[in-house]
Each structure stands twice: as C-alpha cells, then as structure tokens.
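Undergrad: missing the sequence, but the structure's below:
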C-alpha cells in the first residue's frame, strides 16, 4: 500500500500489475483507490504518475465518500431496526437490564441486546456498536476459518496467519508471506459471497496479481464468481453496523 497526502487528507492506494494493462489506470470505488499498471512498469515510475493526479483522486474520493454516506444506512441501534448476519435481516430489540454492561444474543428470529439501564442514553449507541463489533468479529472468525479450510482442501496453499480487521474499503487482502486479512463485516453477507472473497484471497497465494491465470483459478472454484463480485460491489455498502 502507498499513501498519497493531499493537504490534511491521506489516501491509501494499492498498485496492481496486469499483463493486459497498457497504461496506468486509477479507479476510486468500494475497493478504495486502486492503481492498475503494466507489469513492465516499476513502482518508481508509477508513483509519480499517481502524484500528478492527486487533485483528481481527491475529488473522486470525496465525491464517492459523500455518495456512500447518502446510501449507507445510519443506524441508531434502537429497537425496531434490523441487522444483517449471513445474508439475513434480523430485527433488533434493546432491553434494559441489571448488571451486564452490554450483552448480545442472536436467536432464530431477532438480535437481543441487553444493556445496563444506568448507561446514559447518549452513550448507548456507541456502547452497543462496540459490543456488536466484537460479536461480529467472533462470528466472522468462525465462519471464515471454516470456509478457508473447506476451499484450501482443494487447492492446498500455505496459510501463515488469518486476521480480521475493520477495513473501510477492502473485503480481503493477502501478502506473499501467506498472511490473510478479512473484513469482519463480510460475515453480514450470504455464505456464497463469503466464499467468493475467501477463494479470491486463497488464489492470490498462487497468483499475486489479477492476471488471466488468477481469474481462471478463481473460476475453477467459483464458476459464477463474476455474479458474486457484482453482488458485493452493489451491496457491500449495506454491510455495516
């Protein structure tokens, strides 16, 4: 990852090499700022070209962020709202209780949030949000590690570590050392979407690029990966607490 500093704003971007790329292409979207360049170009050649587009990148970045704020639901985390888990919407019910600070329980039909009645109203949303994040992280760890094991039994790559992060613009990432990172919000999506991201990152441990060979590897495990990728691009902004 590279950082582009524009005034007080710092924008991170990734550089990816492609055999099909003839020029440097910069895009801003749900995957963040991405730079795709020909494999023949060194980063030392690419970075100055990105720097020249700094104002354009900032304008696109701010425009996308504003559009995202309009689309992404703002949750007050009160009874009557809904939360996603594994592609299903569950009604939220907040219950005042003695003792426990905040406790989360998902039943077959709803999210139950027990919160200490003495917590001031103005602090409840953040208290609930913090506990929900920890709850989702624990579920993401279980679900994603199960799917990793399932698909890795088929392609056999070496996984060193698996981490779960609150990545604002990425669903997964990996390093050539075998380290995998996943956005915990992914567990809000249906299983078949989780599978696409899992397979995407596993295949990067074979091909550290988005070459034709990489996508063929993905397709061998997820034949309809294009439809799943499209779903994530269109619905990813809804996966939020």
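TA: Sure thing, it's come through. Since this is a predicted model, take the numbers as computed values, not measurements.
Undergrad: any idea how far apart the tips of stretch 105-125 sit?
TA: With CA to CA, to the nearest Å as the measure, stretch 105-125 spans 17 Å from end to end.
Undergrad: what are the contacting residues of it?
TA: 76-77, 83, 85, 90-104, 127-128, 131-132, 135 (CB atoms under 8 Å, 6 or more residues apart in numbering). Heads up, the C-betas are built off the backbone N, CA and C, glycines and all.
Undergrad: the spatially most central residue of the chain and residue 17: what is the separation?
TA: For the chain, the residue nearest the mean C-alpha position is residue 171 (2.6 Å; CA atoms, centre = their mean). Remark: distance between residue 171 and residue 17 (CB to CB, to the nearest Å) = 21 Å.
Undergrad: could you do residue 215 as well?
TA: As judged by CB to CB, residue 215 and residue 17 stand 15 Å apart.
Undergrad: more neighbours: those two, which one.
TA: Higher neighbour count among residue 215 and residue 17: residue 17, with 19 against 15, using other CB atoms under 10 Å.
Undergrad: so that one sits against residue 42, correct?
TA: No. Contact between residue 17 and residue 42 fails when scored by CB atoms under 8 Å: they sit 9.9 Å apart.
Undergrad: where exactly do the helices run in this structure?
TA: Assigned by DSSP state H, the chain shows helices spanning 43-52, 54-71, 121-155, 191-204, 212-221, 225-235.
Undergrad: in the third one, what counts as buried?
TA: So the one you mean is helix 121-155. In terms of neighbour count (16 or more other CB atoms under 10 Å), helix 121-155 has its buried residues at 124, 127-128, 131-132, 135-137, 139-141, 143-144, 147-148, 151-152.
Undergrad: and the pLDDT at the residue nearest to the centre of the chain?
TA: At residue 171 the predicted local confidence, pLDDT, stands at 91.
Undergrad: and the chain, what are its domain boundaries?
TA: Structurally, the chain divides into domains by automatic domain parsing as follows: 2-71, 82-138, 140-238.
Undergrad: out of the ones you listed, which is the most enclosed?
TA: Counting by mean count of other CB atoms under 10 Å, domain 140-238 has the highest mean neighbour count of those, with a mean of 17.
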